[in-house]
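> Got a sequence here, can you model it:
(chains A and B)
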Number of protein chains: 2
Amino acid sequence: MPKKKLKVIPLGGLGEIGKNMMLLQYGDDVIAVDAGLMFPEAEMLGIDLVIPDIGYVLDGPQKLLAIFLTHGHEDHIGALTYILHQVNVPVYCTTLTKGLVTVKLREAGMLKESDIRLLHPGEVAHEGPFEVQPFTVAHSVPDSTGLAIRTPVGIVVHTGDFKLDHTPVMGQSTDLAKLAELGSEGVLLLLADSTYAEIPGYTPSEKVVGEALLQIMSTATGRVIVTTFASLIARVQLVIDAAAAHDRRVFVTGRSMINNVKMATDLGYLKIPKGMMVNVRELDRIPHEKLAIITTGSQGEPTSALTRMANQDHQHIKIVPGDTVILSASAVPGNESLVDRTIDNLFRLGARVLYNRIANVHVRGHAAQEELKIVHSLVRPQYFVPIHGEYRHLVLHAELAQSLGMPEKNIFVLTDGDVLELDKENARISGQVPADYVYVDGLGVGDIDHVILRDRHHLASDGMVVIIVAIEKKTGRLVGQPEVVSRGFVDIDESEELLQRTREMVVTALQGDDHIAEWGVVNTQIKDAIAQFLYDETHRRPMVLPVSVEV
Amino acid sequence: MPKKKLKVIPLGGLGEIGKNMMLLQYGDDVIAVDAGLMFPEAEMLGIDLVIPDIGYVLDGPQKLLAIFLTHGHEDHIGALTYILHQVNVPVYCTTLTKGLVTVKLREAGMLKESDIRLLHPGEVAHEGPFEVQPFTVAHSVPDSTGLAIRTPVGIVVHTGDFKLDHTPVMGQSTDLAKLAELGSEGVLLLLADSTYAEIPGYTPSEKVVGEALLQIMSTATGRVIVTTFASLIARVQLVIDAAAAHDRRVFVTGRSMINNVKMATDLGYLKIPKGMMVNVRELDRIPHEKLAIITTGSQGEPTSALTRMANQDHQHIKIVPGDTVILSASAVPGNESLVDRTIDNLFRLGARVLYNRIANVHVRGHAAQEELKIVHSLVRPQYFVPIHGEYRHLVLHAELAQSLGMPEKNIFVLTDGDVLELDKENARISGQVPADYVYVDGLGVGDIDHVILRDRHHLASDGMVVIIVAIEKKTGRLVGQPEVVSRGFVDIDESEELLQRTREMVVTALQGDDHIAEWGVVNTQIKDAIAQFLYDETHRRPMVLPVSVEV
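Numbering: from 1, shown residues only, chains lettered A, B, ... in the order given. Model (predicted):
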């Protein structure tokens, strides 16, 4: 009997940013690391979010035993409700991650039937042939972990999202000693974060931001309004500390920021001096130079608190000259223009605006090249698979590993759905499993396909023209004039003449067909003739949709 | 009689990147600097391009005398055909700019009736009360200029787009001596490029890229494929020089690159050693290590040559491991994800890909903060208006001027349509003129309004549902079943049941209306009921479009 091998199967996050989910399989036993969502790319019109396709563990003999979450960011936990809905397995995570997951499960009405288990760094969970032990890493949300996973063929180290931060703000740095210890023991496979593999050098410490905030709070003559990611609790702490140091009280606004501040305070992650927080009723009585505001809106989200302020549309806060606004975040790819618009609008209102291109008000959460080298040197794995990144990030991380002396044949640049089979002797890509994008749109999960998206693109670019033809049921004869309705194509008030000529073209296109035997043929005939006519007239290509009504 | 003042009226480029156009008016005499287009932002669905609104010079007593072009980039010349179509005035520019403009006018069938005049640096053109003299500036297209404009109230200096490059590749650096001379004479108003006002320090010289290209050509074992902006002739020269130095011949592909290389060679801007160029028939016979390829596609444009290569869809060039691809350009805002996708796809094919985040293969064309300071110090204007930039760039440039000692009251952050009136004694914003975006979509110029764009957004996000109700003309009675047609909303094959229930809902919504007197009322009734029904069922909000046919 051939020896069983370990299978490593990424369902998301390798070849795109987001929807991180990695399967490890031994025999038919499978565990998953993370269950994240991906925010839709610009061309995914109308899509709310994208989740991994877990058909592989639903359809075959293989069985999902449990899900291990490395940390509480959406791209690692955001698909959990959808996935538990399909397969309700235990979920292991740290305290703050559980707090964030609980909010989601409660909203989805799934809290009661879900089995969320705390697993702290150093503790071990046994699931089938797998022994999983989290270790702490520094990242932009507290309680982030990597995982040391003991399997029958050797140890797998999964870094999660991480950076090395020797002066972290909440006391949590990446556990280099643990990585060294695992390295000494012998690691079969390293799976390491590649998000920042393009960037030379080091990611600066969170401490840098604290220094900048202190300096700004001290010199600002009016309010200091800070936005950041709601999960970046360490950053929120820095704002509170800087405000306290300069005798400013703090007002929090924006739903997710209010919720996270409350949750992090309840769980003891956030330390807020007594009497510091300002409620809405007090707000107008605090002098501007004694106030700091923490808010959502770091990504320019249209309905967020900061965007409302920038649009003079916030219920309580009206931006005035003298205000300093700090965007303590970077724009997630795709959000750049929304963020820039918010900055521009704040400047228009007379605020001083500080953002990462012009001030040290943000550091990112991922390891740059020199940090990655340290991890590789400590772990010294037999095999390496770069994870978390667009394809170029994975290749650059692979090249980095090779530059440290790792043989090329031991490095595998996988993309979603690839199956890597390995043991101590051998490793090879042995096949593929389905790992498509599953689109969520409203209540629909997975029902949006390329036809619908193609139609949305067509509708988006030049609108549509509907042509309605009434046909007498008995005789198959045209009744009356065709009707033409358009939206998103031309200015209807100004284009009556074009629409009239379109009606006439429909009649012309039907000429000779004094009785309509086969609607399908006529339909195509009208569609082609009208599409061509409208293109010739306007050089636009609206979707042309002929409809017949039998009367 | 009050003394006449100079009016400065930006129609584009102040508050957005692109569609640069600045009017200077004295009495009723107006000249324009540049006539650029703006590429549509993501939310301008289906729009081909955006041009300035020149209604102000068409409608009033004021008269446009001439247009002066600073250089040949689309955001400075791209609206010229549309504007000359409305008002055919003389256009002044340098040799290469004329070459680029001529291509456009010929394509538009307007070359014959247009009056394009060469005006070299140092020469003076007289138009009404204005004397205009170009001076050379360094920028990313040859023959770029700034303008010294003598007016009855004083000298206006317009920098155009510029950087300081002390070691330019085509011998053209910014004419600091001329700026100093104007400064000594006394400058009333400086209009200076703000595109890069966010960036500290200096923009590196074009020479840096030359060194990188030389190094890459020398070490690459296969083909070196370089993409850059087709107008960046100096960069094309660097590629040719580096190829020549390492005994590589050069193949050019991509329509606009082929055209520009030919034009720049004919005009003497590009020096190509004899026998260096490779034609298509020879292509397969050249060993890879003896070949360099220059191509379009630096912005990931879907139909460009490099994108085709990345998609294994190029007629002549198939990417293989060993190829080195250099993206010698930066992504224009909005194109980032297209460029990243091209890079990823090239990596997938096994190419080595070098781009600006990981190698010194590009420098930009605009002055950073230290360069701006030099220009301000030389020109020492009485008034300053930052031009070319999003609002934040203008504010930061204004702050930079202030940091050099300029009084705040002499600096005006204008946006499109603002009218600044000034003379030696005074300056103030005296009003506004219309300066809307004029959308070009197909043959339509200016006919797309916010209603059409809003409809396109609606259609894009959740598709549409058309409901057709046949009504008997004589009785006003419903005939047969309503018809329901949808696109971009749900999978039609899988949703027959939903559509059937929608038909029934239409009938229900009409209940009580056994004869339809007022279609407008019924229409709204159906629309509201169906929109709500479909939202409840799917949590999507398609455009619902009821249509009645009288039979």
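> Sticking with the closest residue to A:Ser298 other than its chain neighbours, tell me its helix or strand.
Leaving out its chain neighbours, the residue that sits closest to A:Ser298 by CB to CB, 6 or more residues apart in numbering or on different chains is A:Ala329, at 3.5 Å. Where you see a C-beta, it was placed from the backbone N, CA and C, and this is true even at glycine. Using DSSP states H and E, A:Ala329 sits in no helix or strand.
> I'd say A:Ala329 and A:Gly300 touch.
No. A:Ala329 lies out of contact with A:Gly300 (CB atoms under 8 Å); the separation is 10.1 Å.
> Kindly report the residues of the stretch 201-350 of chain A close to chain B.
Listed as neighbours of chain B in the stretch 201-350 of chain A under the rule CB under 8 Å from any CB of the partner chain: A:333-334, A:336-337, A:340, A:343-345, A:347-348.
> what ranges do the helices span in the stretch 301-450 of chain A?
Secondary structure of the stretch 301-450 of chain A by DSSP state H, counting those that start in this stretch: the helices cover A:305-310, A:336-348, A:369-379, A:391-403, A:450-462.
> Just want the angle from the helix or strand encompassing A:Ser548 to strand B:543-550.
Assessed by DSSP H and E, A:Ser548 sits inside strand A:543-550. Strand A:543-550 and strand B:543-550 are oriented at 40 degrees to each other (axes from the mean of the first three to the mean of the last three CA atoms, to 10 degrees).
> List the neighbouring strands of strand A:543-550 plus their orientation.
Paired strands of strand A:543-550, with direction, are strand A:464-471 (parallel) (DSSP bridges).
> Strand partners (parallel or antiparallel) of the longest strand along chain A?
Taking DSSP state E as the criterion, chain A has its longest strand at strand A:478-487. Strand A:478-487 has the following sheet partners, assigned by DSSP bridges: strand A:464-471 (antiparallel).
> got the CA coordinates for the strand it pairs with in PDB?
The C-alpha coordinates for strand A:464-471 follow below in PDB (Å, rounded to 0.1, in the frame of the first residue of the first chain):
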ATOM      1  CA  MET A 464     -30.500  49.500 -23.500                       C
ATOM      2  CA  VAL A 465     -33.300  49.700 -26.100                       C
ATOM      3  CA  VAL A 466     -36.400  47.500 -25.700                       C
ATOM      4  CA  ILE A 467     -38.500  47.000 -28.800                       C
ATOM      5  CA  ILE A 468     -42.000  45.700 -28.200                       C
ATOM      6  CA  VAL A 469     -44.000  44.200 -31.100                       C
ATOM      7  CA  ALA A 470     -47.600  43.100 -30.600                       C
ATOM      8  CA  ILE A 471     -48.600  40.100 -32.700                       C
END
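> Point out where chain A drops to low pLDDT.
Along chain A, segments meeting pLDDT under 70 span A:1-2, A:512-517.
> want to throw the helices of the stretch 301-450 of chain A into CSV with mean neighbour count?
Rendered in CSV, the data for the helices of the stretch 301-450 of chain A read as follows (neighbours: other CB atoms under 10 Å in any protein chain shown):
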stretch, mean neighbour count
helix A:305-310, 26
helix A:336-348, 21
helix A:369-379, 19
helix A:391-403, 21
helix A:450-462, 20
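> mind listing the helices for the stretch 151-300 of chain A?
Under DSSP H, counting those that start in this stretch, the stretch 151-300 of chain A gives helices at A:176-185, A:206-219, A:233-245, A:255-266.
> Deepest-packed of those helices, please.
Most buried of the helices of the stretch 151-300 of chain A, by mean neighbour count (mean count of other CB atoms under 10 Å in any protein chain shown): helix A:233-245, with a mean of 23.
> who does it touch, helix- and strand-wise?
helix A:206-219, strand A:249-253, helix A:255-266, strand A:291-295 (3 or more CB pairs under 8 Å, 6 or more residues apart in numbering or on different chains; DSSP states H and E).
> A:Leu164: what's its closest spatial neighbour, skipping adjacent residues?
Closest residue to A:Leu164 apart from its sequence neighbours, by CB to CB, 6+ apart: A:Glu371 at 4.5 Å.
> need the contact list for that neighbour.
Neighbouring residues of A:Glu371 by CB atoms under 8 Å, 6 or more residues apart in numbering or on different chains: A:163-164, A:202-203.
> for those residues, which one is nearest A:Val224?
For those, the closest approach to A:Val224 (CB to CB) belongs to A:Thr203, at 24.8 Å.
> Chain neighbours aside, what residue packs nearest to A:Arg348?
B:Tyr391 (5.8 Å).
> same thing with A:Gly154?
A:Leu188 (2.9 Å).
> mind checking how far the one you found is from A:Ile9?
16 Å (CB to CB, to the nearest Å).
> neighbour count winner among these two?
Per other CB atoms under 10 Å in any protein chain shown, whichever of A:Leu188 and A:Ile9 has more neighbours is A:Ile9, with 25 against 20.
> What is the neighbour count of the residue nearest to that one when sequence neighbours are not counted?
Nearest in space to A:Ile9, with sequence neighbours left out and distances taken as CB to CB, 6+ apart, is A:Leu23 at 4.2 Å. When neighbours are counted by other CB under 10 Å, A:Leu23 registers 23.
> The helix or strand encompassing A:Leu23 packs against which elements?
For A:Leu23, the host element (DSSP H and E) is strand A:21-26. Secondary-structure packing of strand A:21-26 (3+ CB pairs under 8 Å, 6+ apart): strand A:6-12, strand A:29-33, strand A:145-151.
> ok so, going back, relative to helix A:450-462, how tilted is the strand holding A:Ser548?
Using the same axes, to 10 degrees: strand A:543-550 against helix A:450-462 is 110 degrees.
> Relative to the whole chain's centre, how far out is strand A:543-550?
Its chain's C-alpha centre and that of strand A:543-550 lie 39 Å apart, by CA atoms, centre = their mean, to the nearest Å.
> do the same with stretch A:308-328
Centroid displacement of stretch A:308-328 relative to its chain, using CA atoms, centre = their mean, is 26 Å.
> Would you mark the buried spots in that stretch?
By neighbour count with 16 or more other CB atoms under 10 Å in any protein chain shown, stretch A:308-328 contains the buried residues A:308-310, A:314, A:317, A:319, A:323-328.
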